[in-house]
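Colleague: next come a sequence and a model predicted from it.
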Amino acid sequence: MSNVDRSTIVLEAKGITKRFPGVIANDNVNVKLYKGEIFAFLGENGAGKSTLMNMLYGLYHPDEGEIWIKGEKVALKNPRDAIDRGVGMVHQHFQLVPVMTVAENVMLGSEITRGMGVLSRRDAEKRVHALSEQYGLEVEPTAMVEDLPVGAQQRVEIIKALYRKADILILDEPTAVLTPQEANELFRIMRDLTVEGVSIIFITHKLKEVLAVADRIGVLRGGKIVGTATPEESTEASLAEMMVGRSVILTVEKKLAQPDEVVLQVENLEVKDDRNHVVVKGVNLQVRAGEIVGVAGVQGNGQREFVEALTGLRRVESGKVTINGVECTNFSPRQITEMGVAHIPEDREKHGLVMAYSLADNMVLNNYYVKPYASGILLHQEAINKNGENLVAEYDVRTPSAYTHAGKLSGGNKQKVIVAREFSRPTELLIASQPTRGIDVGSIEFIHKQIIAQRDRGVAVLVVSAELDEVLGLADTIAVMFDGRVVAVLPIAEATRERIGLLMAGAEA
Amino acid sequence: MTAATVSSTKTNSAIRSNLPLIVSIAVITITAVGYYILQPQQATAVYASTLRQSTPLVLGALCGLIGERSGIINIGIEGQMLMSAFIAFLVNVYVGNLFVAIAAGIAAGALLGLFLAWMSITLKMDQIIGGTVINILALGLTSFFYVAGLTTKGKLQPIPLGPLADIPLLGPVLFNNPPLTYLTIILVFFLQFALFRTVWGLRTRAVGEHPSAADTVGIRVNVTRYINTTLAGGLAGLAGAYLTLEAVGSFERGMTNGRGFIALAVMIFGKWTPLGSWGAALLFGLASAIQTQFQFLGLDFIPHQFIGMFPYVLTIVVLAGFVGRSRPPAAEGKVYDPE
């Protein structure tokens, strides 16, 4: 099953160190990649995985250390140097031009011409077609990239690398945007590629995937390689411990829910996105006091617009939203907040915090205008500061002080500031969108505990997350969104990964 | 998707992207035929004037779109045109060679394009401020150094294209023009081809839409932007040279009279394509020519301010009404900083 050729090292990093102002992103990293091998890099966000990959691809330059490709020491000045040596990279955020066709995207930078710089589109389309046949990567060469689903865009990225004759492929968090089924399809493609002699470096923070597909695993923590292992000798728990440096409770512990009255009632909700397309197409949903409803779904199936409509950030086209029996369709965000709704927004840097404000000021963004923080048009900075200092201590925000600018904090600590602000006042309903995206395991644990504590206090909780494990871990009831509709509502006892995965892909709709 | 639907969506999108040109050619042809039947001489004058009025606008729009397609917004076209008009005029006065004068105009525009690129890319200045700097600079310098009473040694003369020039209406309008007018039409078709069918065009569009995608396949984003903004400046320079060397024959203070800004509107109505911009510019040219004709006819029951508005109103109504929404390159105006 494995196609590893132990006699040939295709890529080797020796003693790589990279410093950014104030941090050592990579500290004396040594890695070997054999021909035909799938090597998984595991690590938390900020562990230095992406920095290392960007150096192997010539986007960054190491401060110390050497990179050897196919037995030759190389100094990669830019991606072009890496491409010329057969290194291809599929970035976490796809590097595709949406308004161009698949073939145009594939040939960009290494165009097929008819001489004089005139493009030969037909030849490019043929070449893409040939590659897609050879490696079993189904794509339509003349399709516009913006019309393709993410799974297909990823295949375009892989073809892009193969078109440049890449035999060392770096995949940066390739499964972040895929359904479980799409991820399995990707793993099949990865194995097929190794049969053709391609070697793959695969970055992720999802433990299950590593065990499923990798030949060898390297764990990065704080810029250092803290261990290498094979899937056979590893378990999820052992890998997690290596990642975090201490043992981690992977499952969320909670008591049985005690659902009470309906707090949030959504009826036939329709919402448009920025491009004026209807993306929430008649959603019906109920959330009761004392229960957590988790919304599962692949990103971009209307979840963002759904949450924005509930919190007053986006206009409701039709339908009805009721909180505790009071209709609040198209209320302003402030009116909704004052009804006792707490909101953890999806994009914490854009909608959650003011980066240039101190933590203390950020902690009163939703109630700065009421006593004790203000009287009339005057703010009482002392009260604001005191509140800030208390919350920083209570919610374990790791910061030099409560007067540090929010922008200076790590992702996990920023999220804790938002949680502190939203949870520190009486609430009836909590709407949390991607509450733990891109933050460290320690902060995830903390935030999950806080969310469950809110539930146990009798708050109705709606959690929207693209991480299926998060939804499965937190929710008492699961609603699956696909193509702008809630296609199923299941009690947690009936929700298996497989069933939810199929629903997320629209299979059972 | 079947082959038939693929090809039909392709045709649809080809029609959509060239809609501004199709709409304005339709408007111009229909009115031209009717007008010619009623008033042959007036019609010929109006349509010849249409093409001439549109020339600096098309060149300005080409300058704008080549910059913006690679991600640099250029609102300094007005300044580039004015400076080039002035330089071309001075060179013509003191050197007395029209070719050298045109080359000097192009060079002046390109130099200001390079200046804009330097401000926007190397200094990472806000591009709107950068363009404004150019506009103010050009207005100030040309007014300060302007000397009244300079006379030129000739201006560019029409070249009739043999028997084609004798066709009624079409002949005098299309085939009896001075050289820069011909050159502009050639440039429109050349750049349309270059932008959508060549390596340069593909890379330019990629850099303006998604610079990091271009970077990761080894295209040097900022170098591409420098080259495009500079070359584009040459086109604005050509527009300036057209004004002093072909249209008017002398220089006056502020003679561009907002054409650089109208060129930007023309570019937007033309959906950032050379053919579309040409269509929008022709329509605007037609409206301007009709407006001039109105003033000759002395229609004094309409206040002259309203007649002066006519080109703007017509262009907005026709293009906004028929052409629909246009979408700028996604990464325009944004600094690209790789590390």
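Modeller: Arrived safely, thanks for sending. Numbering: from 1, shown residues only, chains lettered A, B, ... in the order given.
Colleague: what is the helix or strand of chain A with the lowest mean pLDDT packed up against?
Modeller: Evaluated with mean pLDDT, DSSP states H and E, the helix-and-strand set of chain A has its lowest mean pLDDT in helix A:236-244, which scores a mean of 80. Using 3 or more CB pairs under 8 Å, 6 or more residues apart in numbering or on different chains; DSSP states H and E as the contact test, the elements touching helix A:236-244 are strand A:38-43, helix A:207-213, strand A:216-221, strand A:224-229, helix A:441-456. Yep, even glycine has a C-beta here, placed from its N, CA and C like the rest.
Colleague: tell me which of these sits nearest to chain B.
Modeller: When the helices and strands packed on helix A:236-244 are compared by CB to the nearest CB, strand A:38-43 sits nearest chain B, at 18.9 Å.
Colleague: in a markdown table: the helices and strands packed on helix A:236-244, plus mean pLDDT, distance to residue B:109 and mean neighbour count.
Modeller: As requested, those are arranged in a markdown table below (pLDDT from 0 to 100; distance: least, CB to CB, whole Å; neighbours: other CB atoms under 10 Å in any protein chain shown):
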| stretch | mean pLDDT | distance to residue B:109 | mean neighbour count |
| --- | --- | --- | --- |
| strand A:38-43 | 90 | 51 | 26 |
| helix A:207-213 | 86 | 55 | 19 |
| strand A:216-221 | 90 | 52 | 23 |
| strand A:224-229 | 89 | 55 | 17 |
| helix A:441-456 | 88 | 55 | 19 |
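Colleague: dump these into CSV; add distance to residue A:370 as well.
Modeller: Compiled in CSV, the helices and strands packed on helix A:236-244 are given as follows (distance: least, CB to CB, whole Å):
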stretch, distance to residue A:370
strand A:38-43, 44
helix A:207-213, 45
strand A:216-221, 44
strand A:224-229, 48
helix A:441-456, 22
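Colleague: residue B:70 and residue A:90: what is the separation?
Modeller: Using CB to CB, to the nearest Å, we find residue B:70 at a distance of 25 Å from residue A:90.
Colleague: neighbour-wise, which of those two wins?
Modeller: Counted by other CB atoms under 10 Å in any protein chain shown, residue B:70 and residue A:90 do not tie: residue B:70 has more neighbours, with 30 against 25.
Colleague: doesn't residue B:209 make contact with the more buried one?
Modeller: No. In this structure, residue B:70 is not within contact of residue B:209 by CB atoms under 8 Å, at 9.7 Å.
Colleague: name the residues contacting each of those two.
Modeller: Shared contacts of residue B:70 and residue B:209 (CB atoms under 8 Å, 6 or more residues apart in numbering or on different chains): residue B:329.
Colleague: so which of the helices and strands packed on helix A:236-244 gets nearest residue A:65?
Modeller: When those are compared for distance to residue A:65 using CB to CB, the nearest one is strand A:224-229, at 12.4 Å.
Colleague: near chain B, which residues of chain A?
Modeller: Selection of chain A residues close to chain B by CB under 8 Å from any CB of the partner chain yields A:57, A:59-60, A:78-80, A:83, A:89, A:91, A:95-100, A:104-105, A:107-111, A:113, A:117-119, A:140, A:142-143, A:160, A:164.
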